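Asks: Could you work out the structure for the sequence below:
(chains A, B, C and D)
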Number of protein chains: 2
Amino acid sequence: MVDIRQLRYFITVAETLHFGRAAQILHVSQPPLSRQVQALERDLGVTLIERNSRHARLTASGERFLDEARGVVAALDQACRNAQLVAAGSLGELRIGFMMHAAHSSLPPIVKRFMEERPEVDLQLKETLPSEILDQVLRGDLDAAITFGQGAVKGLAIEPILREPLILAAPDDHPLAGRGPITPAMIAEEGLIVTPRIVAPPLRAAIDSYFAAGQAVPRVRLETQLQHTIISLVAQGIGIALVPHSMARLGTRGVRFASLDEAPEIEHALVWRTDNRNPALPFFTRLGGLGRA
Amino acid sequence: MVDIRQLRYFITVAETLHFGRAAQILHVSQPPLSRQVQALERDLGVTLIERNSRHARLTASGERFLDEARGVVAALDQACRNAQLVAAGSLGELRIGFMMHAAHSSLPPIVKRFMEERPEVDLQLKETLPSEILDQVLRGDLDAAITFGQGAVKGLAIEPILREPLILAAPDDHPLAGRGPITPAMIAEEGLIVTPRIVAPPLRAAIDSYFAAGQAVPRVRLETQLQHTIISLVAQGIGIALVPHSMARLGTRGVRFASLDEAPEIEHALVWRTDNRNPALPFFTRLGGLGRA
DNA sequence: ACCATGAATACCTTTTCTGCATCAATCGAT
DNA sequence: ATCGATTGATGCAGAAAAGGTATTCATGGT
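Replies: Purely as a prediction, here's the structure:
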């Protein structure tokens, strides 16, 4: 059976056209070299090197085979190097899930740094509903994810990376827009636009706790999944909303923000399976601290 | 050192994720298989298969390496097959030179058939001056060539493939145009357009012999290398010419042809080095007979 | 806790590879 | 034309590697 040693031997002989010199280069003696090339030719059933006891030169088959053999050897070396790079976490792919609330806050600095440090790792970002994210991590569809902080889950590592307060988002012609700490009573009568409970339970819990602390009951006017849609509806004057502080950075026209009195906080956390053996994963999770920036 | 056997073993184990079954498929017993995979991992310094005594599954490096190892094995198999195809003359390249006079006569049928029979051979056609063609064959720049027939040359095989008479080419308003056998005396006073002697000695020799047989002396008005140019100049009424019969097939406007009395003939021949070992060459030279068509 | 399964290890046999010595063929010089 | 130098091939013995059988070790399910 043709093997790599035979290819390496043949390539060297083909390059020097001299069995003795090739043997020196390969650090073997000449007889085994001759025999290996013979064995290769016998296996192929093809004469690759035409040789009399004085000269050696390639046949047409030999020229062709030299070319392709070089490719095979190079591909093998590359494969070995790549396997090592993958094991070192410098090459490969990493599937990261994130809830939309992380897109403007904790996610970007982590992703940016990771891509700088591990440019050869194919980072696959998948925006997912918070309610589905844990399942996907547990199933192994995601290597890691950024979602809301929560209690321990068996088999998962959960590392908090960001706490941010909720703030009030109101149309810019609204009397409370831009004003100081807002108490629950001040907005209890307003129509509220919120994310459905099923989509982001911790966010709804934070909103509920805020109103509960002021003995108020929020009036939900509309539910919609995407944060951007909520902001957009606020800008249209359809209602007000309580949103994570990072939404204020977007500078959407027609919306102004105001801090809340005793503002509830939501927590972002990095989550991954403790038995996930993707070598690139530790280099991602160790960046969790950047989420605070 | 990593070798092909290790790759094949690893691939089979990776595909079955079961050392025992893989060993059956490979027709070896399980212990050597385990040892080869271990050796591979030791050489790479990387764990490819995570295994306890119950289950086996690939690591990230293993997945990657499986992919690339398959490529390496496939490339090797392909290289072996191609070497055999080249040796059989079914793959490779063949450099064929030809004089322009062959382009409309002996060359096309040979080339057409060869391309049908050996579609994977890269046929490189190089139009060359007859005066240079033998040197290129002797130097090895060409595997074979079609040129004028001539005496034996040491180291070359020369096989005649076509004899064709010269004919008169004249402007279509010329009194001799289209007429019967032309004797030398009938055109001795006309201005003649010819190829330079150095470019195609046998052609000039044929023309000379024609006039010499009639005790006439041609009046050369113009010399130019390419046959097409000669025909074109004739069409313009600049002169007449004696050209190979195959030129009549072109049907150039403004030119008519007439046969010559005791017409001299020129011979086309296939030429190649007898020591040329290009396996595709015999399949080309054996088609020489088609040149007569 | 025990049993069945599957991979690793121990040990021996067989095969293959290497190196040394030598042979054979070719080319150049005399 | 002959001889010597060069270079690839061959014969043989020792070394290394691969394979096979028997057995052990670890794990997951009952």
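
Asks: Let me know the average pLDDT across the longest strand anywhere in chain A.
Replies: Criterion DSSP state E: the longest strand present in chain A is strand A:156-171. Taken as a whole, strand A:156-171 has a mean pLDDT of 95.

Asks: Strand partners (parallel or antiparallel) of that strand?
Replies: strand A:241-244 (antiparallel), strand A:255-259 (antiparallel), strand A:265-273 (antiparallel) (DSSP bridges).

Asks: where's that strand relative to the chain centroid, distance-wise?
Replies: 21 Å (Cα atoms, centre = their mean, to the nearest Å).

Asks: Give the next helix or strand downstream of it.
Replies: helix A:184-187 (DSSP states H and E).

Asks: Show me the shaky parts of the stretch 1-150 of chain A.
Replies: For the stretch 1-150 of chain A, no stretch has pLDDT under 70.

Asks: hey, where'd the strands end up in it?
Replies: A:49-51, A:56-58, A:92-98, A:121-127, A:144-148 (DSSP state E, counting those that start in this stretch).

Asks: With distance to A:Q30 and mean neighbour count added, can I get the ones you listed in a markdown table?
Replies: C-beta coordinates here come from the backbone N, C-alpha and C atoms, glycine included. Formatted as a markdown table, the strands of the stretch 1-150 of chain A follow (distance: least, Cβ to Cβ, whole Å; neighbours: other Cβ atoms under 10 Å in any protein chain shown):
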| stretch | distance to A:Q30 | mean neighbour count |
| --- | --- | --- |
| strand A:49-51 | 12 | 17 |
| strand A:56-58 | 12 | 17 |
| strand A:92-98 | 44 | 21 |
| strand A:121-127 | 47 | 15 |
| strand A:144-148 | 56 | 25 |
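
Asks: Throw those strands into CSV and include distance to DNA strand C, thanks.
Replies: Listed next are the strands of the stretch 1-150 of chain A as CSV, based on distance: least, Cβ to the nearest atom of the strand, whole Å:
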stretch, distance to DNA strand C
strand A:49-51, 9
strand A:56-58, 11
strand A:92-98, 23
strand A:121-127, 28
strand A:144-148, 29
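
Asks: Which among those strands is found nearest to A:Q227?
Replies: strand A:121-127 (11.2 Å; Cβ to Cβ).

Asks: I'd like the distance from that closest one to the chain centre, please.
Replies: 3 Å.

Asks: what's the answer for stretch A:56-75, then?
Replies: For stretch A:56-75 - counting by Cα atoms, centre = their mean - the centre lies 41 Å from the chain centre.

Asks: Show me what counts as buried in the longest strand of chain A.
Replies: Buried residues in strand A:156-171, counted by 16 or more other Cβ atoms under 10 Å in any protein chain shown: A:156-159, A:161-162, A:164, A:166-171.

Asks: Among those residues, which one sits closest to DNA strand D?
Replies: A:L156 (19.5 Å; Cβ to the nearest atom of the strand).

Asks: what separates the closest one from B:A60, distance-wise?
Replies: Shown here: A:L156 relative to B:A60, a distance of 19 Å by Cβ to Cβ, to the nearest Å.

Asks: what do you get for A:A248?
Replies: With Cβ to Cβ as the criterion, A:A248 and B:A60 are 40 Å apart.

Asks: Give me the more crowded residue out of those two.
Replies: Neighbours per residue (other Cβ atoms under 10 Å in any protein chain shown) separate A:A248 from B:A60, with B:A60 holding more: 24 against 19.

Asks: okay but that one is in contact with A:L85, surely?
Replies: No. Judged on Cβ atoms under 8 Å, B:A60 makes no contact with A:L85 at a distance of 10.5 Å.

Asks: tell me the most buried of the strands paired with strand A:156-171?
Replies: strand A:241-244 (a mean of 25; mean count of other Cβ atoms under 10 Å in any protein chain shown).

Asks: quick one: average pLDDT of that strand?
Replies: The model assigns strand A:241-244 a mean pLDDT of 95.

Asks: CA atoms only for it, dumped as CSV, please.
Replies: In CSV, the C-alpha atoms belonging to strand A:241-244 read as follows (Å, rounded to 0.1, in the frame of the first residue of the first chain):
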residue,chain,number,x,y,z
ALA,A,241,-41.8,51.5,28.1
LEU,A,242,-39.4,50.4,30.7
VAL,A,243,-36.2,49.2,28.9
PRO,A,244,-32.7,48.3,29.8
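
Asks: and A:E265, what does it touch?
Replies: Contact analysis of A:E265 by Cβ atoms under 8 Å, 6 or more residues apart in numbering or on different chains lists A:R163, A:E164, A:P165, A:L166, A:A206.

Asks: What's opposite it in the beta bridge?
Replies: Going by DSSP bridges, A:E265 forms beta bridges with A:P165.

Asks: ok, it to DNA strand C distance?
Replies: Distance, A:E265 to DNA strand C, by Cβ to the nearest atom of the strand, to the nearest Å: 46 Å.
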